[in-house]
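Trainee: Just a sequence and a predicted model for now, questions to come.
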Amino acid sequence: MTTEHQDEYLLLRNHIASFVPLSDVDWELLALHLSKRILKKNRLFIQEGKKANEIGFVLEGMFRQYYTKDGEEKTTYFFFENHFISSYISCITGKPSLITIEALSQSTYISFPYKVLLELYEKSMVWQKFGRLIAEYLGIGLEERMVSLLLQSPEERYTELLNSNKTKILERIPQHYIANYLGITPVSMSRIRNRLLKNK
């Protein structure tokens, strides 16, 4: 690890430390493999059909995750500062990614190879615990997303978004992507928004 990006790498260390206590020795095991990357707007972190091999930690910018079905994009998640990004299932299985992750603005992130994380699991119980907690976090997120799409109406999904802690989505993401994320058209979202405003 070079000293050039130490302050930025410290942000990653502090974020990991919010999951597990991290000694200097444990941190150095990962720090040797970190690199800083910049993606221009509309460039891809990972593309559907390609095998994923890296994990990123967003320093600045925003990303959109989506699937493609019959040429139509289905947005499933957004990533902002202090988020980990990865096609994690592709990393785990070694199979081509089913998702695409696109930079919605010029974005900066710290990258490290997934295989390094696997090696850390064998070297330190702290890293094993971190891996377990990340997997649990992802599992919870996937179930919440599935429940939202299967059991809630579009209006319920929009209301939940308004009342959630995901304010960055509403503040920074273009409306047509938010509508896509909610599984509705921009026109339908506008109608829902107007209806909710009238009922206040």
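Mentor: Okay, I see it.
Trainee: which residues of the protein score low on pLDDT?
Mentor: 1-4, 200 (pLDDT under 70).
Trainee: what about 90?
Mentor: 1-7, 70-71, 134-135, 137-139, 141-142, 144-150, 154, 161-167, 190, 192-200 (pLDDT under 90).
Trainee: Which residue ranges of this structure form helices?
Mentor: Along the chain, the stretches classed as helices by DSSP state H are 6-17, 24-31, 88-93, 114-123, 125-151, 154-163, 167-172, 175-182, 186-198.
Trainee: export the ones you listed to TSV and tack on mean neighbour count?
Mentor: In this view, the C-beta of every residue, glycine as well, is placed from N, C-alpha and C. TSV is the format used below for the helices of the chain (neighbours: other C-beta atoms under 10 Å):
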stretch	mean neighbour count
helix 6-17	15
helix 24-31	15
helix 88-93	16
helix 114-123	15
helix 125-151	13
helix 154-163	15
helix 167-172	12
helix 175-182	18
helix 186-198	13
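Trainee: right, and the ones you listed - which one's nearest T75?
Mentor: helix 175-182 (4.3 Å; C-beta to C-beta).
Trainee: residues in contact with that closest one?
Mentor: Contact with helix 175-182 is made by 64, 66, 73-78, 104, 154, 157-158, 161, 169-170, 173, 185-186, 188-189, as judged by C-beta atoms under 8 Å, 6 or more residues apart in numbering.
Trainee: One more: stretch 149-165?
Mentor: 148, 169-170, 178, 182-184, 188-189, 192-193, 195-196.
Trainee: what's the first-to-last distance across that stretch?
Mentor: 18 Å (C-alpha to C-alpha, to the nearest Å).
Trainee: Determine how far that stretch lies from the middle of the whole chain.
Mentor: Stretch 149-165 sits 19 Å away from the centroid of its parent chain (C-alpha atoms, centre = their mean, to the nearest Å).
Trainee: repeat for stretch 106-116
Mentor: 12 Å.
Trainee: Cool, thanks, signing off.
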